[in-house]
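Participant: Next come a sequence and a model predicted from it.
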Amino acid sequence: MNSSTAQASSKNRIVVRAEDVWKSYDDGAIEVLKGANFEAAEGQTVALCGPSGCGKSTLLHLFGGLDSPDRGRVSVNGMEINRHSDLLRLLRHEVGFVFQLHNLIPDLTLEENCLIPTVAAGIDRRTAQARLRQLTGRTGLTHRLGHRIQKLSGGERQRTALCRALMNKPKILLADEPTGSLDESASAAVFELLLDIVATEGATLVMATHDRSLAERCDRLLEMHSGRIHEPEYAR
Amino acid sequence: MIFLRLIVTNLRRHRIRSFISIAGIAFSVAAMLTVVTILQGAIGMFSGILSSDSEIIVFERNVSDLFFSNVPAAAADEIDDWPMVLHADPVLFGIVSSADHPIITCFGVTAADARIRKATWLEGDRLAFAQHSDDVVLGERAAEFLGARLDDHVPIGHAVFHVIGILKTANGFEDGGVFMPLSSAQGFFHKEGTSSVITVKLRNKDDAASFKTMVKEKFPNLIGLESAEFTRSYSQFKILKATAWAVGGCGLLLGGLGVANTMIMSVFTRIREIAILRVNGFSHLQVAAMIFGESGVVSLLGAVLGLVTGTCLLFILKQVPALHGYVDVTVQPFVLLIVILLALITGIAGALYPAAYAMRIRAVEALRFE
């Protein structure tokens, strides 16, 4: 395998792809991605490891259409991501985000936070509620539905963020250090849940993490440094 | 529902700030409602004086103020003889002052005038009116503030008059005025042989157009207008109305700036939250709608609070003895509607920049740096 290319080994179709992607900030002063290549197949779990600032989050943002590359092509589910793309459709139906900080709205309840994506996508209330019951049941949060975010523990908040990300049944889950703010046991529990739900939903997981032990439990582990992505020999 | 919760949650999050904005709009609305209603009432009452048992007002063409209008007595006599006219009453308006009251409105009228005929005479005899040149009849409120009773002699302006009656009318201006015989008023105000207006009652209202044409032909210096027409076109009324709306508008502008300030702060303090909404699929328009929704709620609550406050204020003003009956404080529906609409427009205008700013927030930057 080419050292600068991280190809999906699965025979499933490719749902996330980056081809020779370059990205810099401050008018080119900070180069983050330097010709990065990436592929993830449908249903795969892929971990991106690497030091802080190596471009893991940037790559996830590009996959989610939150940013656009300076050069190169990014495509999700066959749709090329650029400023002409239907980014709203991408964010509403194709991808879900989970961040290191849960990024929930503190004054709203768990239920209300989870329903935000369904409101954005115009999904009817009954369907949204059914999906919410399903996800909170699976994540053990049903008894917390009416609770405000401030009342939840760190692990519960991250599980809530996971539910929210999956509300609209996205095909791709982009997780940026999803357990980074949790202690060891909560981290393990949330990650276990993440893998379980992703498998059940048949979604593709692309996760940026510092935690090698978690990364090794994914189908593939990729390393990022010098703005490129490498698949280490031991991980193949 | 969640959308509404997002709106309300943010307003509740900064209760004091939201309340100050609501109060700003409320005070503006209350000020506008009060000023406009009082002036509308004043205009209505002035129009009421002119349209008392009459349909048409004849006055000097192109005068800015009826106090400066001079209508020859001969014109009044001639018009009174026209077959289509039931009666034509000359009225002379004047302003005098007493020791404690800088402005007292005087009405020079004939004994046949509807204002004298139709008023409720609290004291005195209507038939005694205009028997002597120094006789006056006081409106109830004028008698009160002049401290005058029947048969008293009161100094009004540069003369002393004999009070031969005290009457009560439904009109605040008339109630606070002094009624003199027309000839006495002409002498007192040095307007011999003239009146300010002629109020005309027609036998048939349908003759109004032909009456006005006749006035134009026979008296080119005079103009005849129907009451409603007069209220619309009289320049003093226009100035008063414009002033009232301008004062109220300035208040609302200030209220709008308050809303703008609140909304700007609201957006600046939750850039990350807006970014989260964007990441979760909120469109630019949905973000803007949320901001406009917040300002709309602030404006609406402000408008409601302002209407309640304004109405209470008007009610209190109505109870003040000095203003009793002077102003009509009935809030007209169209004034309510305009005030609410203006408050909403102000709120929405105040949210324009904050909404535009919120729409421009790039989720990726907000999430990376905050």
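Facilitator: Looks like it came in fine.

Participant: Three-state assignment for the nearest residue to A:Leu90 once chain neighbours are set aside, please.
Facilitator: Leaving aside its chain neighbours, A:Leu90 sits nearest to A:Gly65 (4.6 Å; criterion: CB to CB, 6 or more residues apart in numbering or on different chains). Any C-beta I mention is one placed from the backbone N, CA and C, and that applies to glycine too. Following DSSP: H, G, I helix; E, B strand; the rest coil, the label given to A:Gly65 is coil.

Participant: Which residues are in contact with the nearest residue to A:Met167 once chain neighbours are set aside?
Facilitator: Leaving aside its sequence neighbours, A:Met167 sits nearest to A:Pro117 (CB to CB, 6+ apart; 4.6 Å). A:Pro117 makes contact with A:92, A:96, A:164-165, A:167-168, B:280-281 under the criterion CB atoms under 8 Å, 6 or more residues apart in numbering or on different chains.

Participant: In strands only, show me the residues you listed.
Facilitator: Within the contacts of A:Pro117, residues falling in strands by DSSP state E are A:Gly96.

Participant: Tell me, what's the model's pLDDT at B:Leu313?
Facilitator: Here, the pLDDT recorded for B:Leu313 equals 88.

Participant: What separation do you get for it and chain A?
Facilitator: Separation of B:Leu313 from chain A (CB to the nearest CB, to the nearest Å) stands at 36 Å.

Participant: B:Val339 versus that residue, what's the distance?
Facilitator: Using CB to CB, to the nearest Å, B:Leu313 is found at 13 Å from B:Val339.

Participant: Any chance you could give me stretch B:272-291 in PDB, C-alpha atoms only?
Facilitator: Provided in PDB are the C-alpha atoms of stretch B:272-291 (Å, rounded to 0.1, in the frame of the first residue of the first chain):
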ATOM      1  CA  ARG B 272     -20.700  28.100  19.500                       C
ATOM      2  CA  GLU B 273     -24.300  27.200  20.000                       C
ATOM      3  CA  ILE B 274     -25.200  28.600  16.600                       C
ATOM      4  CA  ALA B 275     -22.300  26.600  15.200                       C
ATOM      5  CA  ILE B 276     -23.700  23.400  16.800                       C
ATOM      6  CA  LEU B 277     -27.100  24.100  15.200                       C
ATOM      7  CA  ARG B 278     -25.400  24.500  11.900                       C
ATOM      8  CA  VAL B 279     -23.500  21.200  12.300                       C
ATOM      9  CA  ASN B 280     -26.800  19.600  13.100                       C
ATOM     10  CA  GLY B 281     -28.300  20.700   9.900                       C
ATOM     11  CA  PHE B 282     -29.800  24.200  10.600                       C
ATOM     12  CA  SER B 283     -29.800  26.300   7.500                       C
ATOM     13  CA  HIS B 284     -28.800  29.900   7.400                       C
ATOM     14  CA  LEU B 285     -32.500  30.800   7.200                       C
ATOM     15  CA  GLN B 286     -33.400  28.600  10.200                       C
ATOM     16  CA  VAL B 287     -30.700  30.400  12.200                       C
ATOM     17  CA  ALA B 288     -32.000  33.800  11.000                       C
ATOM     18  CA  ALA B 289     -35.600  32.700  11.800                       C
ATOM     19  CA  MET B 290     -34.500  31.900  15.300                       C
ATOM     20  CA  ILE B 291     -32.900  35.300  15.800                       C
END
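
Participant: I'd like the average pLDDT over that stretch.
Facilitator: Stretch B:272-291 carries an average pLDDT of 91.

Participant: got it, and stretch B:294-310?
Facilitator: Here stretch B:294-310 scores 91 as its mean pLDDT.

Participant: What of stretch A:173-190?
Facilitator: 84.

Participant: What residues does chain A have near chain B?
Facilitator: A:57, A:61, A:64, A:66-67, A:88, A:91-92, A:97, A:99, A:103-105, A:107-108, A:112, A:115-117, A:119-121, A:125, A:164, A:168 (CB under 8 Å from any CB of the partner chain).

Participant: re earlier: what helix or strand is the residue nearest to A:Met167 located in?
Facilitator: Using DSSP states H and E, A:Pro117 maps to helix A:110-121.

Participant: what do you get for B:Ile223?
Facilitator: strand B:222-226.

Participant: repeat for B:Arg232
Facilitator: helix B:227-233.

Participant: buried stuff in that helix?
Facilitator: B:227, B:230-231 (16 or more other CB atoms under 10 Å in any protein chain shown).

Participant: cool, and stretch A:58-72?
Facilitator: For stretch A:58-72, by 16+ other CB under 10 Å, it's A:58-67, A:69, A:72.

Participant: Quick one: end-to-end length of that stretch, please.
Facilitator: The first residue of stretch A:58-72 is 14 Å away from its last residue (CA to CA, to the nearest Å).

Participant: Which residues does that stretch contact?
Facilitator: Under the contact criterion CB under 8 Å, 6+ apart, stretch A:58-72 has outside partners A:16, A:18-24, A:32-33, A:35-36, A:38, A:48, A:74, A:76, A:81-83, A:85, A:87, A:90-91, A:95, A:97, A:172, A:174-176, A:206, A:208, A:224, A:229, B:279, B:362-364, B:367.

Participant: model confidence over that stretch, on average?
Facilitator: Stretch A:58-72 carries an average pLDDT of 90.

Participant: Next, count neighbours for the one residue in the stretch 251-370 of chain B that gets nearest to chain A.
Facilitator: Per CB to the nearest CB, B:Gly281 is where the stretch 251-370 of chain B lies closest to chain A, at 3.4 Å. Burial of B:Gly281 is recorded as 26 neighbouring residues (other CB atoms under 10 Å in any protein chain shown).

Participant: try B:Ile25
Facilitator: Using other CB under 10 Å, B:Ile25 is surrounded by 32 other residues.

Participant: A:Leu194 too?
Facilitator: 25.

Participant: need the next SSE after the strand or helix carrying it, C-terminal direction.
Facilitator: A:Leu194 belongs to helix A:184-201 when assigned by DSSP H and E. Using DSSP H and E, the helix or strand that follows helix A:184-201 towards the C-terminus is strand A:204-209.

Participant: Of all the residues in the helix or strand that comes right after that following strand, which ones are buried?
Facilitator: For strand A:204-209, the following helix or strand on the C-terminal side (DSSP H and E) is helix A:212-215. Neighbour-count burial for helix A:212-215 flags A:214-215 (criterion: 16+ other CB under 10 Å).

Participant: any idea of the mean pLDDT in the following helix or strand past helix A:212-215?
Facilitator: The first helix or strand that comes after helix A:212-215 along the chain, using DSSP H and E, is strand A:220-225. Taken as a whole, strand A:220-225 has a mean pLDDT of 91.

Participant: quick one: strands adjacent to strand A:220-225?
Facilitator: strand A:45-49 (parallel), strand A:228-230 (antiparallel) (DSSP bridges).

Participant: Now do the helix holding A:Leu194: distance to the chain's middle.
Facilitator: Helix A:184-201 has its C-alpha centroid displaced from the chain centroid by 13 Å (CA atoms, centre = their mean, to the nearest Å).
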